[in-house]
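Chemist: Give me the fold of what follows.
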Amino acid sequence: MEPWNSTLGSGFILVGILDGSGSPELLCATIAALYMLALISNGMLILVITMDIYLHVPMYLLLEQLSLMDLLLASVISPKAVMDFLLKDNTITFGGCALQMFLELALGSAEDLLLAFMAYDRYVAICHPLNYMIFMRPSICWLMVAISWIPASLSALGYTIYTMQYPFCKSRQIRHLFCEIPPLLKLACADTSRYQLMVYLMGVTLLIPPLAAILASYSLILFTVLKMPSNEGRKKALVTCSSHLTVVGMYYGPLTVMYILPSSYHSSKQENILSFLYTIVTPALNPLIYSLRNKEVSGALKRVLGKWLLSTHPNF
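Modeler: Numbers count the residues shown, from 1 in each chain. Have a look, this model is predicted:
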């Protein structure tokens, strides 16, 4: 195929999940609804954790960071997908594609690391409760946040620059919901086999160690919970941990298939569905999974809403 100078052209054309759907209008409405849900639920959770002093503890600081990542990740993908469909214009500039790729990689990688730190937090809280404020003191907690954001952003910047320096062919159609490394490399008019190996190693490095740490943490938690004499304590621990594991499964499952399994194991349509799950569905459901099953978050929400009602309606 003849190379296309992407820096001089008009950009790429995103031929994503909406174009291949039998009911694109319904799917577009679903994406819009999920985005609004992600916007409201994550925004509300961030607001509640910030305003309620009883939630100013390590567990909820990490949860607040997760909500921020989910809110930003959903905002990178969903609004453009919906507007492209409504305006019948699927183009994205070269710079816009690079920015979208960087943000998706940075936020996704940061969330990988953060979920591992959240599992460690639960391990310390349940298995070493007396030493919790020593192992999870504020300085360590903020260090975890920094380790989640900074290496992820630097890695994303490097991979984005390397991906976008390839010469792309004249077929500018990216058969994907957004600009992501695997579908974009299919347009490259150059040998990408060595770089694909680098992407695979990135996926293994960012997914497998955190996932192994999560599984190890929850295995130790399970052993500790089964030894608890109190049914109430056992139930509370299991409810909290099951919420975390649900989020881990929803996020790591699609990412593992996308970045670790060989591309021959999944088609472009399946890649679209997987990306839809971890960039649109998961950010919308995460805050609901945490807040609906968490009495402390529910109680804090009632307190914050109560204060707001009293301040706006003194005679209420």
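
Chemist: Just the pLDDT at the nearest residue to residue 252 once chain neighbours are set aside, thanks.
Modeler: The spatially closest residue to residue 252, leaving aside those adjacent along the chain, is residue 211, at 5.6 Å (Cβ to Cβ, 6 or more residues apart in numbering). To be clear about C-beta, it is placed using only N, CA and C from the backbone, and glycine gets the same treatment. On pLDDT, residue 211 comes in at 90.

Chemist: Break down the protein into its strands, ranges please.
Modeler: 3-4, 12-14, 91-92, 168-169, 173-174 (DSSP state E).

Chemist: can you list the ones you listed in CSV and add distance to residue 74 and mean neighbour count?
Modeler: Below are those laid out as CSV (distance: least, Cβ to Cβ, whole Å; neighbours: other Cβ atoms under 10 Å):
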stretch, distance to residue 74, mean neighbour count
strand 3-4, 31, 15
strand 12-14, 17, 22
strand 91-92, 17, 18
strand 168-169, 27, 20
strand 173-174, 20, 19
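
Chemist: Go through the ones you listed and name the closest to residue 261.
Modeler: Nearest of the strands of the chain to residue 261, taken as Cβ to Cβ: strand 173-174 at 20.2 Å.

Chemist: Return the list of helices and strands in contact with the closest one.
Modeler: Applying 3 or more Cβ pairs under 8 Å, 6 or more residues apart in numbering; DSSP states H and E, we find strand 173-174 packed against strand 12-14.

Chemist: re earlier: burial of the residue nearest to residue 252, as a residue count?
Modeler: 19 (other Cβ atoms under 10 Å).

Chemist: follow-up on the earlier one: which of the strands of the chain sits closest to residue 196?
Modeler: Closest among these, once you apply Cβ to Cβ, is strand 168-169, at 15.5 Å.

Chemist: who does that closest one touch, helix- and strand-wise?
Modeler: By 3+ Cβ pairs under 8 Å, 6+ apart, strand 168-169 packs against strand 3-4.
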